[in-house]
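Enquirer: I would like to see how this sequence folds:
(one chain, ligands or ions: 1)
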Amino acid sequence: MTTLVVPESHLRENPYDIAKEQLRRVAELFGVDPNLVNVLQECKKAVVVSVPVTMDDGSIQALEGYRVTHNIARGPSKGGIRYHPDVELDEVKALAMWMTWKCALMGIPFGGAKGGIRVDPKKLSPAELQRMTRRYTSEIINEIGPEKDIPAPDVGTNASVMAWIFDTYSMNKGHSVLGVVTGKPLNVGGSLGRLEATAHGALYCIQEAVRKREMRMEDLRVAVQGFGNVGSFLARFLAEQGATVIAVSDSRGGIYNEAGLDMAAVLAHKQETGALEGLRGAESITDEELLVLDCDVLAPCALEQVITSSNADQVKAKMIAEGANGPVTPAADEILDDRGVLILPDVLANAGGVVVSYFEWVQGLQEYFWKEDEINSRSSATSRRVRSTRPGARPRSARRACDWPRTDWQCGESPTRRSRVGSTPEASLAMPPWRTRALPVRPSDPGLQGHGPGAQG
Ligand code: NAD
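Expert: As a prediction, this is how the structure comes out:
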């Protein structure tokens, strides 16, 4: 008899149940109409596809792929595509729902979506990866589009994958469709600043929290879990701002130096060897050890559910910046709240990526590309607008909901009233009062004076 070894998933709890529970708590706190909650707790559309891929040895593997749209009331749905062996439908649904909240919080005219394939991309050759991506795109081609649903990179995907999606979609349409996907390489309609945008956004949040807590960046000791797009840029940016990065990790292990890691050396070592471990002058550290290190800021930038009820009471960080989506479970959240740990939640802390994705989409639709300083000033203005509006009341039992700063549209109208704008939940979502302000900018918009093509000649 053969025993099948099934790899353990990183998901300890059902992420969609977690996302729905979070919605229920927030709805209760703000007195949101239960009819609206009934609509918002479901995903509008979930597509499961089989993705047959011819492997380099001639065999064919049928992989399972997903694309989920949670909500489109504010505009086309937007969300990344994940290639990871643990991807499952309920994970994609949760990630799609969180995207809806994130886009709304940042005031950008998108709903939430997410997609993925259950696959380990590290085990594929570049040619297999490309064939799989093109076939997946073909399978979901009727679901995506610049006015419908716009993918972007997430765990295990990057600019090359986005270029293949763009190319496959455009080939089928017979012309270049720049707005179908964001996170593209610069030479096929990508945006300056997109690659590092998520980490930039997380940095802005940490800086603001540090300022509010009357701390100094130079005194911060930071541990970063995950050393991909989000984690590696964030660790670098924090070090550039004077913080001491004492530990970083990736899926193969972590490194630690109490006196601080030299980020240039870490990046060079990772590029050269493909791993973090083995860097001269740094000790090895397990992922579990990194999460409970004595530090000021812990930035989980890998996957969901890494801080749970089983390790939350050992976390020593004073602040957690959720670079990843859903790294802290609700049970852990309560434990950390009781202990006074400040959490910068994912929908705010990692929203910088979708903000610059929005800018890339706008640039693609206009076929007019902005300079890097324009991207950065607009992105920091968006983030400042969210951060500078007044925080809500803070009943202790619902910290996650209440600590989120309110956006300008939230300040103008109470959530309860907003939920009653229309006669049905769908109607109340259909014409949100902030929608007109958040529509893609046109060169003739008065609000663009000094920034549009006219201003630049
Ligand atoms: P990525 O694939 O570029 O990097 C993921 C990193 O996590 C890799 O270094 C990988 O080795 C590491 N990792 C995986 N399992 C790990 C483990 N058990 N312990 C330690 N490290 C582990 O992905 P990314 O784009 O950086 O995304 C990371 C997180 O940020 C995800 O939750 C994603 O949803 C979220 N996010 C990403 C973006 C974006 O723009 N890329 C935007 C918003 C949120």
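Enquirer: element containing residue 272?
Expert: Assignment of secondary structure by DSSP states H and E places residue 272 within helix 263-273.
Enquirer: that helix: how far from the chain's middle?
Expert: Here helix 263-273 is found 24 Å from its chain centre; the criterion is Cα atoms, centre = their mean, to the nearest Å.
Enquirer: which parts of the next helix or strand after it are buried?
Expert: Downstream of helix 263-273, the first helix or strand assigned by DSSP H and E is strand 283-285. Counting neighbours by 16 or more other Cβ atoms under 10 Å, one finds that the buried residues in strand 283-285 are residue 285. (Each C-beta comes from the backbone N, C-alpha and C, glycine too.)
Enquirer: so what strands line up beside strand 283-285?
Expert: If you go by DSSP bridges, strand 283-285 pairs up with strand 253-256 (antiparallel).
Enquirer: buried residues of the partner strand, list them for me.
Expert: The neighbour-count criterion (16+ other Cβ under 10 Å) identifies 254, 255, 256 as the buried residues of strand 253-256.
Enquirer: quick one: which of those residues is nearest to the ligand?
Expert: Top of the list for closeness to the ligand, among these and by Cβ to the nearest ligand atom, is residue 254 at 7.1 Å.
Enquirer: who's in contact with the closest one?
Expert: 225, 247, 248, 276, 277, 284, 285, 286, 287, 289, 290 (Cβ atoms under 8 Å, 6 or more residues apart in numbering).
Enquirer: beta partners for it?
Expert: In this structure, residue 254 has the following beta-bridge partners (DSSP bridges): residue 249, residue 285.
Enquirer: can you redo the buried residues of strand 253-256 as CSV with distance to the ligand and pLDDT?
Expert: Below are the buried residues of strand 253-256 laid out as CSV (distance: Cβ to the nearest ligand atom, whole Å; pLDDT from 0 to 100):
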residue, distance to the ligand, pLDDT
254, 7, 98
255, 12, 98
256, 13, 98
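Enquirer: check contacts around residue 203.
Expert: Taking Cβ under 8 Å, 6+ apart as the test, what residue 203 contacts is 234, 237, 238, 241.
Enquirer: contact partners for residue 78?
Expert: With contact set as Cβ under 8 Å, 6+ apart, residue 78 has these partners: 99, 103, 110-113, 149-150, 152, 182, 354, 357-358, 361.
Enquirer: residue numbers of the protein in contact with the ligand?
Expert: Those residues of the chain that sit near the ligand, judged by Cβ under 6 Å from any ligand atom, are 153-156, 198, 225-231, 249-251, 287, 301-303, 323-325, 350, 353.
Enquirer: return the subset of these lying in strands.
Expert: Applying DSSP state E to the residues of the chain next to the ligand, the entries found in strands are 153, 225, 249, 250.
Enquirer: for residue 67, phi and psi?
Expert: phi -140, psi 120 (degrees, to the nearest 10).
Enquirer: who does it bridge with?
Expert: Per DSSP bridges, the residues bridged to residue 67 are residue 47, residue 115.
Enquirer: that one is in contact with residue 117, isn't it?
Expert: No. Contact between residue 67 and residue 117 fails when scored by Cβ atoms under 8 Å: they sit 10.1 Å apart.
Enquirer: that concludes my questions; thank you for your assistance.
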